[in-house]
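*Asks:* Give me a model of this one.
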Amino acid sequence: MTIESIIRGCQNGDKEARRELYERYASAMFSLVRRYIRVRAAAEDVFHDGFVVLYTKIGDYRGEGSFEGWMRRIFINTALSHLRKNGSSGTVDEDVSDLPPSAVGGAPPEALGRLEDRELLRLVEQLPEGYQTVLMLHAVEGYSHAEVAQMLSISEATSRTQFLRAKMRLAAMIESQNNPKR
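*Replies:* Numbers count the residues shown, from 1 in each chain. A predicted model of the protein is given here:
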């Protein structure tokens, strides 16, 4: 089945098309949800809620832009809604005045090159929830700080601050991992 025929089938309520859509994208969407929801049981609930929303709203998809991008947005919004509902948007309004000018640099590229993807993901998961959420939305998903601010109901300055602090914390974690004290 092509993705277009799967989408049409889902729009017409075809159970086989829904099953095919689920099988094609379940793994990727669960991984996406896990980036935002740390507790596995909660992530599974959000993942299933995301598919309910997807099946409910698939009639709104008009073929403009990538279907996968449209679907990812649904799962991200479902995860963020869960975080807000549970009193955990993960962000804190912070002042940027105490950020050092070097904060923009982050970890040296050669330090990042020595890390495997799974190790970097493990470090990201150790970040405070707010830092992690903004980092994922901005750096991984590609949303602008204005979009992140709107999604999380925070100011754009807070989004930038959280992102810079996440980069600083990651740089420190990478540095300490690459140069452990003996």
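*Asks:* so which strand or helix has residue 27?
*Replies:* Using DSSP states H and E, residue 27 sits in helix 15-36.
*Asks:* tell me what that helix is packed against?
*Replies:* Applying 3 or more Cβ pairs under 8 Å, 6 or more residues apart in numbering; DSSP states H and E, one finds that helix 15-36 contacts helix 3-11, helix 40-57, helix 67-85, helix 129-135. Using the backbone N, CA and C atoms, a C-beta is placed for each residue, glycine as well.
*Asks:* Can you name the next helix or strand after the worst-scoring helix or strand of the chain on mean pLDDT?
*Replies:* Scoring the helices and strands of the chain by mean pLDDT, DSSP states H and E places helix 109-113 at the bottom, with a mean of 48. Remark: after helix 109-113, the chain's next helix or strand is helix 117-125, criterion DSSP H and E.
*Asks:* OK, contacts around the nearest residue to residue 9 once chain neighbours are set aside?
*Replies:* Spatial nearest neighbour of residue 9, chain neighbours left out: residue 17 (2.6 Å); criterion: Cβ to Cβ, 6 or more residues apart in numbering. Taking Cβ atoms under 8 Å, 6 or more residues apart in numbering as the contact definition, residue 17 lies against 1, 5-10.
*Asks:* if you set the cut-off to 6 Å instead, what comes out?
*Replies:* 6, 9-10 (Cβ atoms under 6 Å, 6 or more residues apart in numbering).
*Asks:* Model confidence for it, exactly?
*Replies:* pLDDT recorded at residue 17 is 96.
*Asks:* what do you get for residue 159?
*Replies:* Per-residue pLDDT puts residue 159 at 92.
*Asks:* and it, how many neighbours does it have?
*Replies:* For residue 159, the count of nearby residues is 26 (other Cβ atoms under 10 Å).
*Asks:* Just the element for it, please.
*Replies:* Under the assignment here (DSSP H and E), residue 159 is part of helix 156-178.
*Asks:* In that helix, which residues have enough neighbours to count as buried?
*Replies:* Of the residues in helix 156-178, 158-171, 173-174 count as buried by neighbour count, 16 or more other Cβ atoms under 10 Å.
*Asks:* what does stretch 30-39 give?
*Replies:* Buried residues in stretch 30-39 (16+ other Cβ under 10 Å): 30, 32-37.
*Asks:* again with stretch 7-14
*Replies:* Within stretch 7-14, the residues that count as buried by 16+ other Cβ under 10 Å are 7, 9-10.
*Asks:* closest to residue 58 among those?
*Replies:* Minimum distance to residue 58 across these is 4.7 Å, recorded for residue 10 (Cβ to Cβ).
*Asks:* what's near enough to touch residue 39?
*Replies:* Residue 39 is in contact with no residue at all, counting by Cβ under 6 Å, 6+ apart.
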